[in-house]
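Chemist: here are the coordinates; sequence isn't available:
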């Protein structure tokens, strides 16, 4: 199976499981549930769930064991996208070629749908621990780690720095610190959580987390590059949004060629970290595919 | 010790513990941390933490055992206040007599501070389980329950219905269902979580949860009454906001006198549920104090 086929297989497992978590709309609060379902099924590549399940597998676990965590992280990611698109944040009307959540459902409903997806991941992880899909201790560790890597010191902290830096020219070190928190933290979570779900110890969690961090940095820099070099149709949203929003990116700081070099270096470093694991064909291929993506 | 003294003692324990959870502002993302700290220390009555710790105590546990959960629920409550005040929601400029979070820190930072407080409670609960302050199973149950009662079927669901009902005249049954979710759910959580922290079973959790639900309904109806009968100085925010926001409340539907009767009935029902517990002087007094409050 090549990288795309394996990614699709994980994506299908994720879609099916995600659908079961969203409550029925046969209730008074159906608007928030419809908005949540709309954004969750907007057709991302489901890279995060794939990382969770694959790291569980390369640590000797069944990918299905990590499926609840895969769904949890995809919800957390969707929360961040919904809130990021809001008028007071990036004010994006389009997401993956479709109207963003607040454009389709209104700002208040989008806010609440995002809120619900910041919370539901913890319900899913707790249930996995209570049902013994994973051990109680693994569920608590994963829950704590997700909250830390999504919170003040992780994704939300990174989004704050991103806002603070608007119309400024921060030093490259601060830009990279911001990327580490905003994008790297959740990818670090995915890789480490997969290991924990499989019952693996620190000797696997640490290189897995570093792999996720480097992949996340490369991912964010590639996003910056594509915002300049891609086109609206391929990207699913207008290009040039960073400049328009006064965002001084890594590419603004070092130029496209050096940024492309950095993506290559980070990808090579990430791949090197996989020597701690065996049967890593998919992860190696995914790292390359993400560095070479066009959207 | 009378009700207010005991409430103050619990509030002091909570303030001190909350302060330790908020990270240092010696970092690039200090604005979101300052905004979060501002809203968390805005001086609420800390009723929710008191309920958590007191139910732990009346189930035979130490109040301190439940302190992490008390802090977690106060953060979740603060998240809901910050997001509720946002321009796309109730658009309130004042909260407890001070500028609301987005007035003081800007909309984007307030959004992110609220987001962080939707997530951090789960970090605190998971840590309490990992450190064995409470059992791993109790931590997972409490985490699951908090997510459920704050999410689509609880607080966020209730806020959605509240929005949907703007400028409409929903039937009384729908208004009460909305209150049950919007306000009752988190109070139900507090009372049940205190029991779980003490290791008590369903025979305690069920009456405790019903007590919380009735207290919550009475609390919300009292809020509606005070929005008409109080004054800005006493209430800490402008009165008449429900009418201005097109909100058709329980008071709009049945009138002030019948609403006051309902508060009395709900409070009496709540107090009756305490016969399952002993040493309930504080809880009985708190129920009365909440029904008779002026802000």
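Modeler: Looks like it came in fine. Everything numeric in this text was worked out from a predicted model, so none of it was measured.
Chemist: Stretch A:171-185 vs chain B: in contact?
Modeler: Yes. Using Cβ under 8 Å from any Cβ of the partner chain, we find that stretch A:171-185 touches chain B at A:174, A:177-178, A:181. C-beta coordinates here come from the backbone N, C-alpha and C atoms, glycine included.
Chemist: Quick check: buried residues in that stretch?
Modeler: A:174-185 (16 or more other Cβ atoms under 10 Å in any protein chain shown).
Chemist: quick revisit: now the residues of stretch A:171-185 next to chain B in CSV, with pLDDT, distance to residue B:242 and secondary structure?
Modeler: As requested, these are arranged in CSV below (pLDDT from 0 to 100; distance: Cβ to Cβ, whole Å; DSSP: H, G, I helix; E, B strand; the rest coil):
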residue, pLDDT, distance to residue B:242, secondary structure
A:174, 95, 45, helix
A:177, 96, 45, helix
A:178, 97, 41, helix
A:181, 97, 40, helix
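Chemist: of those residues, closest to residue A:58?
Modeler: residue A:181 (26.0 Å; Cβ to Cβ).
Chemist: and the closest residue to that closest one other than its chain neighbours, how many neighbours does it have?
Modeler: Closest residue to residue A:181 apart from its sequence neighbours, by Cβ to Cβ, 6 or more residues apart in numbering or on different chains: residue A:158 at 3.1 Å. Here the count is done by other Cβ atoms under 10 Å in any protein chain shown, and residue A:158 has 24 residues near it.
Chemist: Could you do the one 3 residues further on as well?
Modeler: Applying the criterion other Cβ under 10 Å, we find 22 residues in the vicinity of residue A:161.
Chemist: now do the one 4 residues further on
Modeler: Burial of residue A:165 is recorded as 18 neighbouring residues (other Cβ under 10 Å).
Chemist: Tell me, what's the model's pLDDT at residue A:222?
Modeler: Here, the pLDDT recorded for residue A:222 equals 96.
Chemist: Mind listing what's buried along the helix or strand it falls within?
Modeler: Assigned by DSSP states H and E, residue A:222 belongs to helix A:202-229. Buried residues in helix A:202-229, counted by 16+ other Cβ under 10 Å: A:204-205, A:207-227.
Chemist: who's in contact with the residue nearest to residue A:181?
Modeler: A:178-183, A:185, B:29 (Cβ atoms under 8 Å, 6 or more residues apart in numbering or on different chains).
Chemist: rerun at 7 Å
Modeler: Contact partners of residue A:158, counting by Cβ atoms under 7 Å, 6 or more residues apart in numbering or on different chains, are A:178, A:181-182, A:185.
Chemist: Any chance of the residues you listed in TSV with distance to residue A:264 as columns?
Modeler: As requested, these are exported to TSV (distance: Cβ to Cβ, whole Å):
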residue	distance to residue A:264
A:178	21
A:181	23
A:182	21
A:185	23
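Chemist: Quickly check these for the two that are furthest apart.
Modeler: Farthest pair in these, by Cβ to Cβ: A:178 and A:185, 10.8 Å.
Chemist: Would you map the helices across the stretch 151-295 of chain A?
Modeler: In the stretch 151-295 of chain A, the segments counted as helices under DSSP state H, counting those that start in this stretch are A:155-164, A:172-179, A:185-197, A:202-229, A:232-235, A:241-244, A:250-254, A:256-273, A:281-291.
Chemist: Which one of those helices lies nearest to residue B:65?
Modeler: helix A:185-197 (26.4 Å).
Chemist: Distance from that closest one to the middle of the chain?
Modeler: Centre-to-centre, helix A:185-197 and its host chain are 11 Å apart (Cα atoms, centre = their mean, to the nearest Å).
Chemist: which parts of the stretch 1-150 of chain A sit against chain B?
Modeler: Applying Cβ under 7 Å from any Cβ of the partner chain, one finds that the stretch 1-150 of chain A approaches chain B through A:23, A:28-29, A:31-33, A:83, A:86, A:88-89, A:107-109, A:111-112, A:115-116, A:118-120, A:122-123, A:126-127, A:129-130, A:136-137, A:139-141, A:143-144, A:147-148, A:150.
Chemist: Could you tell me which of those residues belong to helices?
Modeler: Within these, residues falling in helices by DSSP state H are A:31-33, A:83, A:107-109, A:111-112, A:115-116, A:118-120, A:122-123, A:126-127, A:129-130, A:136-137, A:139-141, A:143-144, A:147-148, A:150.
Chemist: Least confident secondary structure element in chain A?
Modeler: helix A:232-235 (a mean of 81; mean pLDDT, DSSP states H and E).
Chemist: Can you name the residues in contact with that helix?
Modeler: A:226, A:238-239, A:294-295.
Chemist: a markdown table for these, including distance to chain B?
Modeler: Below are those laid out as a markdown table (distance: Cβ to the nearest Cβ, whole Å):
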| residue | distance to chain B |
| --- | --- |
| A:226 | 24 |
| A:238 | 20 |
| A:239 | 23 |
| A:294 | 30 |
| A:295 | 26 |
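Chemist: Quick one, which of those residues are buried?
Modeler: Buried among those by 16+ other Cβ under 10 Å: A:226, A:239.
Chemist: would you turn the contacts of helix A:232-235 into JSON lines with pLDDT?
Modeler: Below are the contacts of helix A:232-235 laid out as JSON lines (pLDDT from 0 to 100):
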{"residue": "A:226", "pLDDT": "94"}
{"residue": "A:238", "pLDDT": "77"}
{"residue": "A:239", "pLDDT": "82"}
{"residue": "A:294", "pLDDT": "83"}
{"residue": "A:295", "pLDDT": "81"}
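Chemist: just curious, which of the contacts of helix A:232-235 is nearest to residue B:17?
Modeler: Nearest member of these to residue B:17, counting by Cβ to Cβ, is residue A:226, at 45.3 Å.
Chemist: ok, the closest one to residue B:177 distance?
Modeler: As judged by Cβ to Cβ, to the nearest Å, residue A:226 and residue B:177 stand 46 Å apart.
Chemist: likewise residue A:93?
Modeler: 34 Å.
Chemist: go on, residue A:146?
Modeler: Residue A:146 is 31 Å from residue B:177, by Cβ to Cβ.
Chemist: what's the answer for residue A:27, then?
Modeler: 9 Å.
Chemist: that older thread, show the buried residues in the ones in helices among the residues of the stretch 1-150 of chain A next to chain B.
Modeler: For these, buried by 16+ other Cβ under 10 Å: A:31-33, A:83, A:107-109, A:111-112, A:115-116, A:118-120, A:122-123, A:126-127, A:129-130, A:136, A:139-141, A:143-144, A:147-148, A:150.
Chemist: wait, what's in contact with the closest residue to residue A:240 other than its chain neighbours?
Modeler: Distance criterion Cβ to Cβ, 6+ apart; nearest residue to residue A:240, sequence neighbours excluded, is residue A:227 at 6.7 Å. Neighbour list for residue A:227: A:239-242 [criterion: Cβ under 7 Å, 6+ apart].
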